[in-house]
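K.L.:
Structure for the following, please:
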Amino acid sequence: MLNKWVKIIISAVVAVGLITFLGHNYVNYVEKKQTAVTISSSNKKTLFFYRDDCSDCQSIFHQVYWKNALKNNVVFINMNQQKNRKYIAKYNLTSVPTFINGDKQYSGTNLDRINQVLGD
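P.N.:
Sure, this is the predicted structure:
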């Protein structure tokens, strides 16, 4: 009986580890994508300007990604994509990571401040 429980626990730990590993790698893949983004004038989502080679951006990307997975309220804009650089002037960007939601704007990695802009 004990042997059966040990096998179940080991299987569960391996499954959780595998899911965590795959989820982490998928988010890293999403972060590195350099898709050109078009922001409509009727956009109601939070804009997240980042660079995939920015250590500050990388430090918060996973948290923002998983919050977005639940609410789908963030547009991810990788500024390493040349076509996205037009937003530097449009939104008066001076650094990354920068979050913009309506008249709220924050540049930095403080999760409390980020959550305020995200509306959490």
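K.L.:
And the helices in the chain?
P.N.:
2-32, 55-71, 87-90, 111-118 (DSSP state H).
K.L.:
so S107 makes contact with T98?
P.N.:
Yes: using Cβ atoms under 8 Å, S107 is in contact with T98, at 4.4 Å. For the C-beta atoms, the positions are set from N, CA and C on the backbone; glycine is no exception.
K.L.:
Between the two, tell me which one has more neighbours.
P.N.:
T98 (22 against 15; other Cβ atoms under 10 Å).
K.L.:
Now do the contacts for the more buried one.
P.N.:
47-50, 91, 105-107 (Cβ atoms under 8 Å, 6 or more residues apart in numbering).
K.L.:
again, but for G102
P.N.:
Counting by Cβ under 8 Å, 6+ apart, there are no residues that G102 touches.
K.L.:
how much space is there between it and G119?
P.N.:
G102 sits 9 Å away from G119, going by Cβ to Cβ, to the nearest Å.
K.L.:
Next one, pLDDT for the spatially most central residue of the chain please.
P.N.:
In the chain, the residue lying closest to the centroid (Cα atoms, centre = their mean) is Y65, at 3.2 Å. Per-residue pLDDT puts Y65 at 89.
K.L.:
How about V30?
P.N.:
V30 is given a pLDDT of 65.
K.L.:
ditto for K83
P.N.:
For K83, the predicted pLDDT is 94.
K.L.:
can you count the residues close to it?
P.N.:
11.
K.L.:
I'd like to know which helix or strand in this structure has the lowest mean pLDDT.
P.N.:
helix 2-32 (a mean of 73; mean pLDDT, DSSP states H and E).
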